[in-house]
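Asker: fold the following for me, if possible:
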Amino acid sequence: MSAAIGGYLAAGLLDKAAANSPWLAPARSMLLPGKTSHGHHQIELACETCHGAPFGGRAALQESCERCHGAELKRANDTHPRSKFTDPRNADRLEKLEATLCVTCHVEHRPGITLAMGVTRAADFCFHCHADIARDRPSHAGLGFDSCNSAGCHKYHDNRALYEDFLLKHLTDPPQAANPRLPQRSLREALGQNPGYPAQKYPLRALAAGERDAPAAVIVDAALERDWLETAHARAGVNCSGCHGGEGPRGAWVERPGPAACRQCHAEESAGFLAGKHGMRLAAGLSPMTPSAARLPMRKEAAARALGCTSCHAAHRFDTRRAAAEACLGCHQDRHSLAYKGSAHEALWKKELAGELPAGSGVSCASCH
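Answerer: Here you go, the predicted structure:
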């Protein structure tokens, strides 16, 4: 019996397909050294995502961290880049804190010391290098050693939040801008800036019903055709074969296009989806995320819904207005999400949808998220 249990656990650990196997996934669950953070729990059974090399140590973990989060760090105004600590002039600082490795501060499977944002971080990590800050800056005298970040003043990787020049410049500004509007996006403009967009086949002009290029054998009912005609796709000249393939150089007709079809024109949005909590399982080669696997409260009727592009942007209609709030509340049932209902933000959003306010004046879930 012991040998059988050992073999089962070994198969769960060593088989790279175990995370997607209903038989072997429980074995991996039993081998987890501790609960993972809410940022990584969706991929906790895909051990190889972080532990690429079984005996690679901290260097292998660093490689994994940079593979997923490296681009984000490059975009940030990182005040503590790795290069700062590989500089020989700062060698003494490494004796206090090994700041060249992410896992020095961010360690998974440690629920007891994992903070609300899903990262592990010691409360006194600033103090190691900045113990003399009260002497250098009298304004900081008497402040607690653990208050640098918790007070909202400083962030380790991106310290732009406390730009004194910015604060002084806007010191007398009103609480709300005189013309509160969010920037509007245009599919036509986005496609026009895409050098790979086949403009000759799909010219940037509005299409009429008689111009759809679905093969004659494909049955298109009136409701589906109306959905397509009312979208930004049809208005920007994106025909049926733009997503379904069709005859000719774009290949055979595909009845149910996958994410790759969306990615042809929406590469940036696709990358954002895969990097976020909705699509990170797909990025790790796992089955799609479902609300039933979430840690936040979700609606029971949405439990088995597999998340993909068309989960929020219903096929053919692709209504971004629905995706901006209604789709979110179709799954999310946590306190924060439910607080949106009846709020001043929702009231503005409803008025914009009804045409009572100009575009950009409403605030949806997607305005912030």
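Asker: quick check: longest helix of the chain.
Answerer: Longest helix of the chain, by residue count under DSSP state H: helix 57-75.
Asker: residues in contact with that one?
Answerer: 49-53, 56, 81, 100-103, 106, 157, 275 (Cβ atoms under 8 Å, 6 or more residues apart in numbering). All C-beta atoms are positioned from the backbone trio N, CA, C, and that covers glycine.
Asker: are any of these buried, and which?
Answerer: 49, 50, 81, 101, 102, 103, 106 (16 or more other Cβ atoms under 10 Å).
Asker: widest-spaced pair of those residues?
Answerer: Longest distance between any two of the buried ones among the contacts of helix 57-75 is 24.3 Å, between 49 and 81; criterion Cβ to Cβ.
Asker: what's the local residue count around residue 355?
Answerer: Counted with other Cβ atoms under 10 Å, residues neighbouring residue 355 total 8.
Asker: and for residue 180?
Answerer: Counted with other Cβ under 10 Å, residue 180 comes out at 10.
Asker: nearest residue to it in space, ignoring adjacent ones along the chain?
Answerer: residue 361 (6.6 Å; Cβ to Cβ, 6 or more residues apart in numbering).
Asker: what residues are up against the one you found?
Answerer: So, once contact is read as Cβ under 8 Å, 6+ apart, residue 361 ends up touching 180, 181, 182, 348, 351, 352.
Asker: so can I have TSV of the residues you listed showing pLDDT?
Answerer: Formatted as TSV, these follow (pLDDT from 0 to 100):
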residue	pLDDT
180	87
181	89
182	88
348	95
351	96
352	95
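Asker: want to throw these into TSV with secondary structure and distance to residue 166?
Answerer: Formatted as TSV, the contacts of residue 361 follow (DSSP: H, G, I helix; E, B strand; the rest coil; distance: Cβ to Cβ, whole Å):
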residue	secondary structure	distance to residue 166
180	coil	19
181	coil	21
182	coil	20
348	helix	26
351	helix	31
352	helix	29
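Asker: now restrict those residues to buried residues only.
Answerer: When the contacts of residue 361 are checked for burial by 16+ other Cβ under 10 Å, the buried set is 348, 352.
Asker: for the residue lying closest to residue 352 once chain neighbours are set aside, give its distance to residue 115.
Answerer: Nearest residue to residue 352 in three dimensions, chain neighbours excluded: residue 362, at 3.3 Å (Cβ to Cβ, 6+ apart). Going from residue 362 to residue 115 by Cβ to Cβ, to the nearest Å gives 33 Å.
Asker: tell me how far the residue nearest to residue 180 lies from residue 321.
Answerer: Taking Cβ to Cβ, one finds residue 361 at 13 Å from residue 321.
Asker: same thing with residue 81?
Answerer: Taking Cβ to Cβ, one finds residue 81 at 40 Å from residue 321.
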